[in-house]
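**Student:** here is my input; please provide its structure:
(chains A and B)
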2 protein chains.
Amino acid sequence: MAAQPVVLDALFHALADPTRRALVERLTRGPASVSELAKPLAMSLPAVVQHLQVLEASGLVRSEKVGRVRTCHLEPVALRTAEQWISERRTTWERRLDRLGAYLAEHPEEPHQEE
Amino acid sequence: MAAQPVVLDALFHALADPTRRALVERLTRGPASVSELAKPLAMSLPAVVQHLQVLEASGLVRSEKVGRVRTCHLEPVALRTAEQWISERRTTWERRLDRLGAYLAEHPEEPHQEE
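**Tutor:** All right, here's what the predicted structure looks like:
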């Protein structure tokens, strides 16, 4: 099933920020607590939390709170949705180019028609 | 070579809007003039031009003006750059999951160590 526009808006918006991409990058290597995620970043904890909220709203990250620790996980299905939208467009473009190449191969040096 | 953060910011920002994705979608089927691109869209020509400027700034679209007609083309390298960033992260995540699966297969029902 094709992703809803609003889902793609949120996904690409979430990926359009270097801090949020760094958080996704970190989470590809396994789940992490909010404070672990914040440690290597040169910003306040509330700023990191805000970025994580954007990632959660997009569906790229989910989190669970156990006691006082909130642990974040990557949601690879969301990553795949964004990837798929791009790869389908790229494929359409490449097929068009292939057809154009085949047409030109079948019609070599066709003279221009002049009236 | 890895894409610069600022390039990825611009690419994902450009894709985070339904009108801009519709423009990319149209251009996968071949070049088009600005007025052809605007025709199916329910917005003013200046609004479409603004979206095209965001797409050009991101590198996803380039355009040439011949006489009074500006023609837009898709730049598939940019599309591939965005796709590649996502697919590399997804692959890292999947490899981690494979290693986890292999570890669990080699260590079935390992008892918890208690002191």
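**Student:** what parts of chain A come near chain B?
**Tutor:** Counting by CB under 8 Å from any CB of the partner chain, chain A comes close to chain B at A:5, A:8-13, A:15-18, A:21, A:24-25, A:27-30, A:74, A:76, A:79-80, A:82-83, A:85-87, A:89-90, A:92-94, A:96. From N, CA and C alone the C-beta is placed, and that goes for glycine too.
**Student:** distance between the helix or strand of chain A with the lowest mean pLDDT and the chain's centre?
**Tutor:** Sorting the helices and strands of chain A by mean pLDDT, DSSP states H and E puts helix A:76-106 at the bottom, at a mean of 91. How far helix A:76-106 lies from its chain's middle: 17 Å, per CA atoms, centre = their mean, to the nearest Å.
**Student:** so which bits of it are buried?
**Tutor:** Neighbour counts over helix A:76-106 (16 or more other CB atoms under 10 Å in any protein chain shown) mark A:76, A:78-79, A:81-83, A:85-87, A:89-90, A:93 as buried.
**Student:** residues making contact with the helix or strand where A:His51 lies?
**Tutor:** Applying DSSP states H and E as the criterion places A:His51 in helix A:45-58. By CB atoms under 8 Å, 6 or more residues apart in numbering or on different chains, the residues outside helix A:45-58 that reach it are A:10-11, A:13-14, A:17, A:19-20, A:23-24, A:34-35, A:37-38, A:41, A:61-63, A:72, A:78.
**Student:** again with stretch A:83-90
**Tutor:** Applying CB under 8 Å, 6+ apart, the set of residues contacting stretch A:83-90 from outside is A:3, A:8, B:15, B:21, B:24-25, B:28, B:76, B:79-80, B:82-83, B:86-87, B:90.
**Student:** what stretches of chain A score poorly on pLDDT?
**Tutor:** Applying pLDDT under 70 to chain A flags residues A:1-2, A:110-115.
**Student:** quick check, central residue of it?
**Tutor:** Central residue of chain A (CA atoms, centre = their mean): A:Ala82, 4.4 Å from the mean position.
**Student:** quick check: it touching A:Leu15?
**Tutor:** Yes - the pair formed by A:Ala82 and A:Leu15 meets the contact definition of CB atoms under 8 Å, at 6.7 Å.
**Student:** make a markdown table out of the buried residues of helix A:76-106 and add distance to A:Leu100.
**Tutor:** Listed next are the buried residues of helix A:76-106 as a markdown table, based on distance: CB to CB, whole Å:
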| residue | distance to A:Leu100 |
| --- | --- |
| A:Pro76 | 35 |
| A:Ala78 | 34 |
| A:Leu79 | 32 |
| A:Thr81 | 30 |
| A:Ala82 | 28 |
| A:Glu83 | 26 |
| A:Trp85 | 24 |
| A:Ile86 | 21 |
| A:Ser87 | 20 |
| A:Arg89 | 17 |
| A:Arg90 | 16 |
| A:Trp93 | 11 |
